[in-house]
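>>> I would like the atomic coordinates for the input below:
(one chain, ligands or ions: 1)
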Amino acid sequence: MRERLSEIRAGIALGPLTQIPDGTARNYVLKIGDAYFHGFIVRQGEDVFGYVDACPHAGLPLAQELDSYLTSGGDLIMCSWHGALFKINDGVCIGGPCAGAKLTPWHVIVRDGELYTA
Ligand code: FES
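Just a heads-up that it's a prediction; the model follows:
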């Protein structure tokens, strides 16, 4: 099995912010040597919120369908396995089997319209 990283160095270019339509989320997989980092970014206007793609309940990647990280209303992050709900701005679980737990933040920034790890 390939090693799965839970953190990654700053300064890696991730592409333009416009690749994440406002109000949606996008999956990112970065290959570092023989290991992989799996994360996702939620965009709300010019604000971005990144998290490691691992649910605190059972450690699974949240989305079973590509980029499906949000509830239908787009106001919460939802784990597709057992329905845990997380606040977008801080990753705190507010409902489901891991209530009170937190997604691991993945620090990302936007500079001149481009996304970078931070
Ligand atoms: S693995 Fe996410 S709610 Fe169970």
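>>> biggest strand in this protein, by residue count?
strand 35-44 (DSSP state E).
>>> burial check on His57, number of neighbours?
18 (other Cβ atoms under 10 Å). The way it works is simple: take the backbone N, C-alpha and C, and place the C-beta from them, glycine included.
>>> tell me, how many residues neighbour Gly95?
With other Cβ under 10 Å as criterion, Gly95 counts 12.
>>> that one touches Leu85, doesn't it?
Yes. Judged on Cβ atoms under 8 Å, Gly95 makes contact with Leu85 at a distance of 4.2 Å.
>>> please see if the longest strand of the chain touches the ligand.
No. Counting by Cβ under 6 Å from any ligand atom, the ligand has no neighbours in strand 35-44; the shortest distance is 13.3 Å.
>>> that strand pairs with which strands, and in what direction?
Its sheet considered, strand 35-44 pairs with strand 4-5 (parallel), strand 25-32 (antiparallel), strand 47-52 (antiparallel) by DSSP bridges.
>>> most packed of these?
Comparing those by mean neighbour count (mean count of other Cβ atoms under 10 Å), strand 47-52 ranks first with a mean of 20.
>>> need the strands paired with strand 35-44 in CSV with distance to the ligand and mean pLDDT, can you?
CSV is the format used below for these (distance: least, Cβ to the nearest ligand atom, whole Å; pLDDT from 0 to 100):
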stretch, distance to the ligand, mean pLDDT
strand 4-5, 15, 92
strand 25-32, 15, 97
strand 47-52, 12, 98
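>>> sorry, back to before: give me the contacts around the longest strand of the chain.
2-8, 14, 17, 20-30, 48-54, 61-63, 67, 69-70, 77, 88, 106, 108, 115 (Cβ atoms under 8 Å, 6 or more residues apart in numbering).
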